[in-house]
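In: pasting a predicted model and its sequence here:
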Amino acid sequence: MNPDERDYGTAEELTDGWWQLRFERTYPYPVEKVWRAVTEPEHLAAWFPTTIDGPREAGHALRFTFPEDEAPPFDGEVLAYQPRSVFEFRWGPDRIRFEVAGSGAFTNLTLLHTFDERGKAARDAAGWHVCLDALGAALDGSDSPRERMSGWADVHPGYVERFGPEASTVGPPKPAGG
């Protein structure tokens, strides 16, 4: 697998000591289709690492569960929800923000992941990279888009190289029971 350079995310330190991953992808589909894929449970199941249970309305609690119990469930909260444009939530201690924009047949998706531990930047960036690949496959109608998520080990070394050793001190999570 040789990922397109344009698919790689970036990492930057924010002024408050937090870090932010940024991914920008363009999908050849209308905003409505991409919006459903990043907000509706039946579409998220094809590519997002957890379920997202709870109302899509600012201030409401959310519950995240891994599909095969790879890790314990955890809680969050909707921080912003503007139909067809912004879905932002607290994901455990982190913040995830999807921004959807476009017109006609193309949609730009920006994913921002804000977190407090630089050492997990390469790990999480590789995870989002393959999740967004799976999202593209789901939008394309692939029978098994989640299979794209197995490419984490292929893209992780590229993020270690891009972000440096300080951004790769936290490795992949251990499987449940492991």
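Out: Good, I have the coordinates. Numbers count the residues shown, from 1 in each chain.
In: the residue nearest the centre of the chain: what's it in contact with?
Out: The structure's the chain has its C-alpha centroid closest to Trp128; by CA atoms, centre = their mean the separation is 4.3 Å. By CB atoms under 8 Å, 6 or more residues apart in numbering, Trp128 lies in contact with Gly9, Leu21, Phe23, Leu111, His113. In short, each C-beta sits where N, CA and C put it, glycine included.
In: what about it, distance to Gly9?
Out: Distance, Trp128 to Gly9, using CB to CB, to the nearest Å: 6 Å.
In: what is in contact with those two at once?
Out: In contact with both Trp128 and Gly9: Leu21, Phe23, Leu111, using CB under 8 Å, 6+ apart.
In: so which of those residues comes closest to Ile52?
Out: The shortest approach to Ile52 among the shared contacts of Trp128 and Gly9 belongs to Leu111, at 14.0 Å (CB to CB).
In: relative to Pro83, how far out is Leu135?
Out: Separation of Leu135 from Pro83 (CB to CB): 19 Å.
In: look at those two and report which has more neighbours.
Out: Leu135 (25 against 10; other CB atoms under 10 Å).
In: picking that back up, how close does the residue nearest to the centre of the chain sit to Ala61?
Out: 23 Å.
In: same question, Thr114
Out: Distance from Thr114 to Ala61, by CB to CB: 19 Å.
In: neighbour count: the two, which is higher?
Out: The neighbour count for Thr114 versus Ala61, taken as other CB under 10 Å, is higher for Thr114 (19 against 12).
In: mind listing what the more buried one touches?
Out: Leu14, Trp18, Trp19, Gln20, Asp94, Arg95, Ile96, Arg97.
In: show the contacting residues for the last one.
Out: With contact set as CB under 8 Å, 6+ apart, Arg97 has these partners: Leu79, Ala80, Val86, Phe87, Glu88, Thr110, Leu111, Leu112, His113, Thr114.
In: please apply the same query to the first one.
Out: Counting by CB under 8 Å, 6+ apart, Leu14 makes contact with Gln20, Thr114.
In: look up the pLDDT of it for me, please.
Out: Listed pLDDT for Leu14 reads 95.
In: swap in the last one?
Out: Among the per-residue scores, Arg97 shows a pLDDT of 98.
In: ok, then the element right after the helix or strand harbouring it?
Out: In the assignment (DSSP states H and E), Arg97 maps to strand 94-103. Next helix or strand after strand 94-103 toward the C-terminus (DSSP H and E): strand 106-115.
In: quick one, the lengthiest helix in the chain and strand 106-115 angle?
Out: Ordering each helix of the chain by length in residues (DSSP state H) puts helix 121-139 first. Relative orientation of helix 121-139 versus strand 106-115 (axes from the mean of the first three to the mean of the last three CA atoms, to 10 degrees): 150 degrees.
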